[in-house]
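S.K.: Give the three-dimensional model of this entry:
(chains A and B)
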Amino acid sequence: NAGVTQTPKFQVLKTGQSMTLQCAQDMNHEYMSWYRQDPGMGLRLIHYSVGAGITDQGEVPNGYNVSRSTTEDFPLRLLSAAPSQTSVYFCASSPRGGGGTDTQYFGPGTRLTVL
Amino acid sequence: QQQVKQSPQSLIVQKGGISIINCAYENTAFDYFPWYQQFPGKGPALLIAIRPDVSEKKEGRFTISFNKSAKQFSLHIMDSQPGDSATYFCAASMPGYSSASKIIFGSGTRLSIRP
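M.R.: From the prediction side, this is the model:
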């Protein structure tokens, strides 16, 4: 199993550009989520999905869109990039709902810089 | 009430010493407390976790101490090694699997072990 994969690893955007961060998992997990990691801020939840066709907002959803058409894939779209979105983005999956004793499996991350 | 406060932000320990990272929470609905370890350029990975019905859990050189009355828990790394140098996140999770916003991460501690 490849686990959770993310592409690209690095990306530089100009303000106002749009792009999609890709995330895929091959563990047949129902739950997938996107986090951003900023210095001193920990991991903040952007959007999550509890199954194909179901998504919801997390703590910091503004400026991001998601969709979940298959169990395996959960792309994150930046609509109009802003410097405040410079961050490291992690995709995660877990077998059930993310709470309880579920283990979160994280991808390797995408480092995004917005100029 | 949803916050998990983690300290210190950074920590330097000599090889062979004990590394201690502390976390505190407010919401008594949390009932699972995992620690995640993140190496540079990688995503976080589950290290060790504890339920509040026990005061201590040990796995090798890693020990979680849990104080339910004080709503505090800590990670102790005995005989710290340079390979333990990483960022450590505490987290708190609520029971159930129906909502993704039920795991809250601390802000992270960057641990450096000096040879």
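
S.K.: buried set for the strand ranked longest in chain A?
M.R.: Looking across chain A with DSSP state E, the single longest strand is strand A:42-51. Buried residues in strand A:42-51, defined by neighbour count with 16 or more other C-beta atoms under 10 Å in any protein chain shown: A:42-50. C-beta here means a position set from N, CA and C on the backbone, and glycine is covered the same way.

S.K.: Name the nearest residue to A:I46, ignoring sequence neighbours.
M.R.: Leaving aside its chain neighbours, A:I46 sits nearest to A:W34 (4.3 Å; criterion: C-beta to C-beta, 6 or more residues apart in numbering or on different chains).

S.K.: these two touch, right, B:C90 and B:Q3?
M.R.: No. In this structure B:C90 lies outside contact range of B:Q3 using C-beta atoms under 8 Å: 11.5 Å.

S.K.: one step back: so the residue nearest to A:I46 versus B:Q6, what's the distance?
M.R.: Distance, A:W34 to B:Q6, using C-beta to C-beta, to the nearest Å: 21 Å.

S.K.: Those two: which is more packed in?
M.R.: Using other C-beta atoms under 10 Å in any protein chain shown, the more surrounded residue of A:W34 and B:Q6 is A:W34, with 27 against 23.

S.K.: Which residues are in contact with that one?
M.R.: Neighbouring residues of A:W34 by C-beta atoms under 8 Å, 6 or more residues apart in numbering or on different chains: A:21, A:23, A:45-48, A:58, A:64, A:66, A:74, A:76, A:89-92.

S.K.: Quick check: phi and psi at the closest residue to A:A2 other than its chain neighbours.
M.R.: Distances taken as C-beta to C-beta, 6+ apart place A:D26 nearest to A:A2, at 5.5 Å, with adjacent residues excluded. According to degrees, to the nearest 10, the main-chain angles of A:D26 amount to phi -120, psi 30.

S.K.: do you know how far A:D26 is from A:F74?
M.R.: 13 Å.

S.K.: These two - which one has more neighbours?
M.R.: Taking other C-beta under 10 Å, A:D26 and A:F74 do not tie; A:F74 has more neighbours (29 against 13).

S.K.: How much space separates that one from A:H47?
M.R.: Counting by C-beta to C-beta, the gap from A:F74 to A:H47 is 9 Å.

S.K.: And B:S85, by the same measure?
M.R.: Distance from B:S85 to A:H47, by C-beta to C-beta: 32 Å.

S.K.: Now do the contacts for the spatially closest residue to B:M78 that is not a sequence neighbour.
M.R.: Nearest non-adjacent residue to B:M78, counting by C-beta to C-beta, 6+ apart: B:R61, 4.6 Å away. The contact partners of B:R61, by C-beta under 8 Å, 6+ apart, come to B:77-80.

S.K.: Go again with 10 Å.
M.R.: Contacts for B:R61 were tallied using C-beta atoms under 10 Å, 6 or more residues apart in numbering or on different chains; they are B:18-19, B:76-81, B:84.

S.K.: What ranges in chain B fall below the confidence cut-off?
M.R.: Scanning chain B for pLDDT under 70 picks out B:1-2, B:96-101.
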